[in-house]
Structures are given as C-alpha cells and as structure tokens.
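Novice: fold the following.
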Amino acid sequence: MPDLASPLIAWYRENARDLPWRREGFGAWGTLVSEFMLQQTPVARVVPRLEEWLARWPTPADLAAAPPADAVRLWANLGYPRRALWLHRAATEIRDRHHGVVPRDVDALLALTGIGDYTARAVAVFAFGDRHPVVDTNTRRVLARAVEGRSQPGPPAKADLAAMAAILPEDDEDAAVVNAAAMELGAVVCTARAPRCEACPLAEMCAWRAAGYPDTGDDRRKQARYEGSDRQARGAVMKVLRDADGHVAPAAAVIAEWPDPQQRDRAIDSLITDGLVEAADGMLQLPR
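Specialist: Sure, this is the predicted structure:
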C-alpha cells in the first residue's frame with residue numbers, strides 16, 4: 001500500500017480549518033460534546049451551539065445537574081434531539097461512574113449512553129492522543145477512492161476500522177493527525193459530489209483517479225426526504241415546546257393545524273416514547 005500518511009500530515013498542517021475542538025486545551029468534555037453535535041449536522045450550525053453549551057455547562061457535572069428539558073431546549077436546531085437526552089444521560093453517567101471526568105478508555109466510553117465506535121475512538125484520539133483508527137463518512141469516502149478505486153464507499157462496516165488502521169503511522173501524535181486529516185480531506189476536498197482532485201494531496205496515488213474516475217455505484221442507504229416526513233412533524237412539535245412558556249403547552253394546541261392529523265399524532269406519540277416529551281392532564285412538556 002502506498003504511504004498515504006505523509007502527504008496527509010503535510011496537507012493537514014497547512015490547510016486544516018480552525019475549529020474550536022482542534023484548539024489546544026479544548027478538553028475531553030468539549031470534544032465529547034462536539035462529537036455528539038457533529039453527528040449528521042453541518043459544522044457551521046454546530047460551532048455557535050457548542051460554544052453556548054460549554055459556556056453554560058463547562059463540565060459533565062454541570063450538565064448532569066440541569067433538567068433534561070434544558071438540554072433539549074438548548075439543542076435548538078441541531079436536529080435529532082434524542083442526542084441531547086443521550087448527552088445529558090452520558091454526563092450523568094460520567095459524574096456518577098467516573099467522578100465527573102470523561103474516561104479515556106474506549107470500552108469505558110462505549111459504555112456511556114449514546115456513544116458508539118466512532119465517538120468513543122474520536123474522544124480517545126483527539127482529546128487524549130491515543131492511537132486508534134477513527135472513521136466517519138468522510139474518511140470512508142477518502143479510503144474508498146484512494147485505496148479501493150471506488151467512487152463512493154459502501155455501507156458502514158467493521159472492516160472500515162481495519163482499513164483506517166492500515167494507513168496509520170506508529171507514532172501516536174502522527175496517527176491522530178492522519179485520522180483528522182482523512183476526515184478533513186473528505187469534508188473539504190474529496191467531497192461526495194464535486195471532488196477537487198487538483199487540490200488533493202493523494203491525487204498521484206489515488207486508485208480511483210488512476211482508473212479514470214469510474215462510477216462504481218452507490219449502495220449506501222439513502223436518507224428519507226425531510227419535507228413532509230414524520231421527522232419534520234417531530235421537529236415542529238419540539239419547536240413549539242422549546243418556545244412555550246415553561247416548555248409546556250396544551251396537547252390539543254400543539255401543531256394543531258398540521259396537514260396530516262395522523263402524522264401529527266404519530267409524531268407526538270413517538271416523541272413521548274423516546275422520552276423527549278412528557279404528557280399529563282392534557283398537556284405536553286419537555287422532560288423534567
């Protein structure tokens with residue numbers, strides 16, 4: 001396999017975006033919060049919300065002491081608000097199990113609510129400097145093109161970690177940079193629809209480029225359309241409750257004019273099931 005690490009490191013050190021979680025001293029808690037927020041949410045929407053969260057809750061214990069409703073409200077427009085509840089529960093677990101300190105061990109991180117393979121390894125690598133492969137959608141696309149000669153990656157798989165591990169240098173610091181660089185390259189250069197191969201540090205060794213950029217298909221699961229979806233109805237319910245006085249509103253008045261009454265009821269029921277909304281005496285409210 002060609003040496004991908006050296007050009008990635010050199011490129012990253014010259015071109016990496018200045019993002020809060022990359023700054024020295026950002027801390028493991030800030031890294032963990034940022035990783036929760038960055039799941040399926042663009043960086044531009046995350047940065048201001050992240051700064052607001054960390055100013056209000058600078059430690060896991062601070063968040064754990066707040067009502068879950070406050071976490072859901074401050075999550076605002078980040079989408080997938082279950083992540084706010086999961087983050088609140090993870091903060092409580094960190095306080096109770098780890099004396100308020102974000103653990104370094106990957107298995108201990110995986111045992112926290114809402115944390116999977118990617119987030120656990122991202123915290124261990126980017127907050128603590130340990131050597132692990134970290135794989136997100138952007139990384140998988142870079143590896144698919146540069147190493148496998150494919151136009152798009154396949155569905156996420158355990159083999160992705162092995163593929164990333166294969167290009168990591170032995171040095172812990174260099175390995176962390178390569179993890180970050182592969183993600184950054186996929187985000188800003190080796191993009192899904194309009195890759196800028198002329199700006200890519202891997203262009204000369206890219207298997208996809210060498211093969212003439214073949215279209216090898218895209219078998220990843222497609223996200224359902226948002227407009228008119230249950231997700232949109234759920235988001236509308238959450239917005240009403242976030243904006244309501246005391247985060248409480250009469251159930252009958254919450255998105256009462258929604259064009260599909262069955263979808264409205266289904267959205268409310270699913271939010272109650274997920275613990276994002278509580279219902280009592282004809283009222284809906286954010287969780288206490």
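Novice: dihedrals phi and psi, residue 66?
Specialist: Dihedral angles of residue 66 (phi, psi; degrees, to the nearest 10) stand at phi -90, psi 150.
Novice: can you get me a residue count around it?
Specialist: Using other Cβ atoms under 10 Å as the criterion, residue 66 is surrounded by 14 other residues. The way it works is simple: take the backbone N, C-alpha and C, and place the C-beta from them, glycine included.
Novice: now do the same contact list for the nearest residue to it once chain neighbours are set aside.
Specialist: Counting by Cβ to Cβ, 6 or more residues apart in numbering, residue 57 is the residue found nearest to residue 66 once chain neighbours are left out, at 6.6 Å. With contact set as Cβ atoms under 8 Å, 6 or more residues apart in numbering, residue 57 has these partners: 63, 66, 91.
Novice: would you mind measuring from residue 57 to residue 44?
Specialist: The gap separating residue 57 from residue 44 is 22 Å, by Cβ to Cβ, to the nearest Å.
Novice: same deal with residue 176?
Specialist: 24 Å.
Novice: who's more crowded, those two?
Specialist: residue 176 (22 against 7).
Novice: contact partners of the helix or strand harbouring that one?
Specialist: Assigned by DSSP states H and E, residue 176 belongs to helix 172-188. Applying Cβ under 8 Å, 6+ apart, the contact partners of helix 172-188 are 4-5, 8-9, 11-13, 15-17, 22, 43, 125-126, 129-134, 136-143, 164, 167-169, 200-202.
Novice: tally up the residues packed near residue 256, please.
Specialist: Residue 256, neighbours per other Cβ under 10 Å, totals 11.
Novice: where in the stretch 101-250 of the chain is pLDDT low?
Specialist: 220-223 (pLDDT under 70).
Novice: which residues in it form strands?
Specialist: 248-250 (DSSP state E, counting those that start in this stretch).
Novice: where do the helices of it begin and end?
Specialist: Here the stretch 101-250 of the chain has its helices, by DSSP state H, counting those that start in this stretch, at 106-110, 117-126, 137-146, 159-165, 172-188, 207-210, 230-243.
Novice: include distance to residue 95 when you put those helices into a markdown table, please.
Specialist: Compiled in a markdown table, the helices of the stretch 101-250 of the chain are given as follows (distance: least, Cβ to Cβ, whole Å):
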| stretch | distance to residue 95 |
| --- | --- |
| helix 106-110 | 14 |
| helix 117-126 | 16 |
| helix 137-146 | 31 |
| helix 159-165 | 30 |
| helix 172-188 | 27 |
| helix 207-210 | 47 |
| helix 230-243 | 25 |
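Novice: between those, which one is nearest to residue 217?
Specialist: With Cβ to Cβ as the criterion, residue 217 lies closest to helix 137-146 of the helices of the stretch 101-250 of the chain, at 11.4 Å.
Novice: how about residues contacting that closest one?
Specialist: 4, 150-154, 156, 160, 163-164, 167, 179, 182-187, 190, 192, 195, 202, 205-209.
Novice: buried sites along it?
Specialist: Neighbour counts over helix 137-146 (16 or more other Cβ atoms under 10 Å) mark 138-146 as buried.
Novice: please apply the same query to stretch 270-278.
Specialist: So stretch 270-278, judged by 16+ other Cβ under 10 Å, has buried residues 270-271, 276-278.
Novice: picking that back up, what residues sit buried inside the helix holding residue 176?
Specialist: Those would be 174-187, for helix 172-188 by 16+ other Cβ under 10 Å.
Novice: ok, residue 193 to residue 105 distance?
Specialist: Taking Cβ to Cβ, one finds residue 193 at 38 Å from residue 105.
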